[in-house]
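Q: only geometry, no sequence info:
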């Protein structure tokens, strides 16, 4: 039953994507280009090639494709997914505008004119232009027409009155509107994605949050934890991105570094060199790591061993007693499929509850287990803050907190938006961040 349901959902998604691409082709290619011309052939080819590249980008890693091939298809494939999202949204907004413009231009046609075949226009400079017969408004609004009467864009002087034109003699009304509206929508979509890509490649910004803990002793007031989540090293974000993150973290001079999952999207042989800069992380009390769901897609055991070689301390359902509070970490819930999911009893069951406890857990959904085990502060990631607007509204359906600090009983939960990006290297409305959590004591 589960397999059948998954297959039905997959078919529905494929049908939706085919329908969306067909609609965009009509509006942006067919309605704006001449039949048989080079622009139409190029637009049609891209309408077929880009979604295929997106499918390849999504499946290449799982299919075991060579890493160089994953890198080749990932950039164009993932970027097209982001462009597709915002192009679809802008075209949906543009659709009523398009209809309104066509209606207004139709009303400008001469009221006494009758529809008829277009007559030849005189050559430029040969004297007054020959008269043309205006089409009826009904003929103008027929959907899907390749060539329709419209306003002739003259080389000199004011635009001519809306009139029927012979093919090649000028832009029709429908073509002019289609190019203007489609061009504006495409510019907005591409500009949005370009800005979101620049934000990711520039590297995460630093956020600072002060979190008071009732059990924290005065001596630990001001203790700084650099929270790094969702780096997603892979075929798109590689060694240079890891180095930017290390440099940013070290500049904050934290007391402790917490990497809370989804560090990688790939195997150690492919991404070991990309993760190498993590050796340079420095903090007085060390750097700690817990698994995210993507580590289990990539081979969690091998990554746990590799980050240990890089100088990080994995917390696999384990706890470390620091001078003034307990630091615990649990495996991601994805590990349950491999028999190594989160074990709160192992990590927190026998601890001294008079001491403050900080828990590293990739997904915010385990907050209720943290509350039951007396955790004072849980540090998580996973949501990306939605990553691509309006993604945060979908993220809210699956997560108790999408980003920021919230309280659940006596436990506080902080969720980072993440330092990288999954899939498209684009963020819109959810900028990447590294958060410096400063613990505060009520006794200070």
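A: Cool, got the structure. The structure displayed is predicted, hence computed values, not measured ones.

Q: tell me how far stretch 407-424 lies from the chain's centre.
A: The chain centre lies 16 Å from the centre of stretch 407-424; the measure is CA atoms, centre = their mean, to the nearest Å.

Q: flag every buried residue along that stretch.
A: 408, 411-424 (16 or more other CB atoms under 10 Å). No exception for glycine: its C-beta is placed from N, CA and C like everyone else's.

Q: again, but for stretch 182-199
A: Of all the residues in stretch 182-199, those buried under the rule 16+ other CB under 10 Å are 182, 185, 186, 188, 189, 190, 192, 193, 196, 197, 199.

Q: before we move on, what about stretch 211-220?
A: By neighbour count, and taking 16+ other CB under 10 Å as the criterion, the buried residues in stretch 211-220 are 211, 213, 215, 216, 220.

Q: wait, doesn't residue 246 sit right on residue 275?
A: No. Using CB atoms under 8 Å, residue 246 makes no contact with residue 275, being 10.3 Å away.

Q: and the strands in the stretch 201-350 of the chain, which stretches?
A: 205-213, 224-228, 256-260, 287-290, 313-314, 318-321, 326-329 (DSSP state E, counting those that start in this stretch).

Q: actually the stretch 51-200 of the chain, sorry about that
A: Remark: strands assigned in the stretch 51-200 of the chain by DSSP E, counting those that start in this stretch are 150-151, 162-163.

Q: okay, residue 118: pLDDT?
A: Predicted confidence (pLDDT) for residue 118: 42.

Q: next: residue 198.
A: 97.

Q: so residue 246 and residue 275 - more neighbours on which side?
A: Neighbour tally, residue 246 and residue 275, criterion other CB atoms under 10 Å: the higher count belongs to residue 275, 23 against 19.

Q: would you confirm that that one contacts residue 306?
A: Yes. Between residue 275 and residue 306 there is a contact at 7.0 Å, judged by CB under 8 Å.

Q: can you pull up the most central residue in this structure?
A: In the chain, the centroid-proximal residue (CA atoms, centre = their mean) is residue 388; its distance is 4.0 Å.

Q: run through the residues that contact that one.
A: Applying CB atoms under 8 Å, 6 or more residues apart in numbering to residue 388 gives the contacts 82, 85, 196, 424, 426, 427, 428, 429, 430.

Q: contacts for stretch 207-227, please.
A: Identification of contacts with stretch 207-227 by CB under 8 Å, 6+ apart yields 249, 252-258, 260, 283, 323-325, 354-356, 358, 376-377, 379, 381, 405, 410, 412, 414, 416, 433-444.

Q: what about that stretch, distance to the chain center?
A: Put simply, stretch 207-227 sits 31 Å off its chain's centre (CA atoms, centre = their mean).

Q: what distance separates the start and the end of it?
A: Using CA to CA, to the nearest Å, the gap from the first to the last residue of stretch 207-227 comes to 10 Å.

Q: what's the spacing between stretch 324-335 and its chain's center?
A: If you compare the mean C-alpha spot of stretch 324-335 with that of the full chain, they lie 27 Å apart, counting by CA atoms, centre = their mean.

Q: weed out the non-buried ones from the contacts of stretch 207-227.
A: Buried by 16+ other CB under 10 Å: 249, 254-258, 260, 283, 324-325, 355-356, 358, 376-377, 379, 381, 412, 414, 416, 433-441, out of the contacts of stretch 207-227.

Q: could you list which of those residues belong to helices?
A: For those, membership in helices holds for residue 249, with DSSP state H as the criterion.

Q: and the helices in the protein?
A: Taking DSSP H as the criterion, the chain carries its helices at 2-25, 38-59, 67-107, 137-140, 173-202, 239-251, 268-275, 293-298, 300-309, 344-348, 367-372, 391-398.

Q: which secondary structure elements does the first one contact?
A: Packed against helix 2-25 by the contact rule (3 or more CB pairs under 8 Å, 6 or more residues apart in numbering; DSSP states H and E) you find helix 38-59, helix 67-107.

Q: out of those helices, deepest packed?
A: Taking mean count of other CB atoms under 10 Å as the contact definition, the stretch among those with the greatest mean neighbour count is helix 67-107, which reaches a mean of 18.

Q: can you lay out the contacts of residue 388 as a markdown table showing distance to residue 267?
A: Formatted as a markdown table, the entries for these read as follows, by distance: CB to CB, whole Å:
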| residue | distance to residue 267 |
| --- | --- |
| 82 | 25 |
| 85 | 29 |
| 196 | 28 |
| 424 | 22 |
| 426 | 24 |
| 427 | 26 |
| 428 | 30 |
| 429 | 32 |
| 430 | 28 |
